[in-house]
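1. coordinates only, sequence not included:
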């Protein structure tokens, strides 16, 4: 009997694994359809005047604030950047979208900062966990302070991404059909949604608005669910990889952070995994730091994947903002972290670590400061700035 039951048991795991990966593939498809739905929705609602819908965000600081607030509320930069890709596909100017993706980088760090509060009862653990969590905050804040003024003055991110887009498209229509293999798959889903809403008697304006709203909801559902499924499929293995890789040096940490985030499709997930390890003393803040930088790079894959769902004259713009996100995060790692090491100016590299450790030391003595920090940095300050710059 043991010989008959053993093969049956061995067959159960592949079957459940196949169902798990089928669910992941289905949710990624839903994400692609959702992004295409947002773009089509804006085009349907605004037609040729789509850009007028975004007049309120002409100020780059407003774009930064919107990106920060939206990501802090949704707790997923992957979700927000996918939505931004959809907005650009619907007519949002790339120059306005760039500060929004920068803000998404800031907003996504709220998740691991909240996770660190789980150690609040143990002073030393909380200090270690809060430091490991907020080093990501300080890096992203410094990155914005460095690159946003440069982008406003020179437009170097927008121009660099446009040059890369031209590798794939050379004419005014920016046809990227050569690698846009998702279009034939997403078109039926988008048309089904659009025809269903029109079948209810809605005009173009209301149909477009409802498509945008439905697309956002679909993205939320897809990103949340696919993250859970991928964690079930990969996170146990990822933890073992992290223990072996993070202590091997900065480049190993960056590489493993990038890889795991690509697999899990969520920088919040990967960085949050490290906070308890830091709290328990397994890793120090300086060990966690390069891993979080890799997570910044890995999270760009979602937006790049989403851009493949966009077609038409604005397909190049959607790809451009996805590439801006990638270039921005790679340059941040190079300029703020790696180049100072090459120049032996380690005090620049260590600045986010020193800031995080100093804040954590104060927060461990005054626990209320930790909550004030989260509310202030991610909600109150951005909310107040809305009234200043709007």
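-> Looks like it came in fine. Treat the numbers as computed from the prediction; the structure is a model and nothing was measured.
2. surely residue 216 and residue 38 touch.
-> Yes - with contacts counted by Cβ atoms under 8 Å, residue 216 reaches residue 38, the gap being 6.8 Å. Bear in mind the C-beta positions are built from the backbone N, C-alpha and C, glycine included.
3. residue 89 and residue 132: what is the separation?
-> Distance of residue 89 to residue 132, computed by Cβ to Cβ, to the nearest Å: 37 Å.
4. out of the two, which sits in the busier spot?
-> residue 132 (33 against 30; other Cβ atoms under 10 Å).
5. between residue 216 and residue 38, what contacts are shared?
-> residue 83 (Cβ atoms under 8 Å, 6 or more residues apart in numbering).
6. quick one, helices of the stretch 251-390 of the chain?
-> 267-279, 285-298, 300-307, 315-332, 339-342, 346-349, 351-365, 367-375, 381-389 (DSSP state H, counting those that start in this stretch).
7. which elements pack onto the first one?
-> Using 3 or more Cβ pairs under 8 Å, 6 or more residues apart in numbering; DSSP states H and E as the contact criterion, the neighbours of helix 267-279 among helices and strands are helix 77-89, helix 110-116, helix 123-154, helix 236-245, helix 250-264, helix 285-298.
8. do the last one as well
-> Contacts of helix 381-389 with other secondary structure elements, assessed using 3+ Cβ pairs under 8 Å, 6+ apart, are made with helix 60-74.
9. what's next to the helix it packs on, contact-wise?
-> 56-57, 77, 79-80, 83-84, 95-104, 106-108, 110, 144, 148, 151-152, 220, 378-379, 382-383, 385-386, 389-390.
10. which parts of it are buried?
-> 60-72, 74 (16 or more other Cβ atoms under 10 Å).
11. got these as a markdown table, with pLDDT and distance to residue 200 columns?
-> Putting the buried residues of helix 60-74 into a markdown table (pLDDT from 0 to 100; distance: Cβ to Cβ, whole Å) gives the following:
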| residue | pLDDT | distance to residue 200 |
| --- | --- | --- |
| 60 | 81 | 39 |
| 61 | 83 | 39 |
| 62 | 83 | 34 |
| 63 | 84 | 34 |
| 64 | 88 | 38 |
| 65 | 85 | 35 |
| 66 | 83 | 31 |
| 67 | 85 | 33 |
| 68 | 86 | 36 |
| 69 | 81 | 32 |
| 70 | 79 | 29 |
| 71 | 79 | 33 |
| 72 | 77 | 34 |
| 74 | 67 | 28 |
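12. quick one: closest of the helices of the stretch 251-390 of the chain to residue 198.
-> helix 315-332 (23.8 Å; Cβ to Cβ).
13. same question for that closest one: list its buried residues.
-> 315-329, 331-332.
14. count of residues packed around residue 300?
-> The burial count for residue 300: 26, using other Cβ under 10 Å.
15. skipping its backbone neighbours, what lies nearest it in space?
-> residue 326 (4.2 Å; Cβ to Cβ, 6 or more residues apart in numbering).
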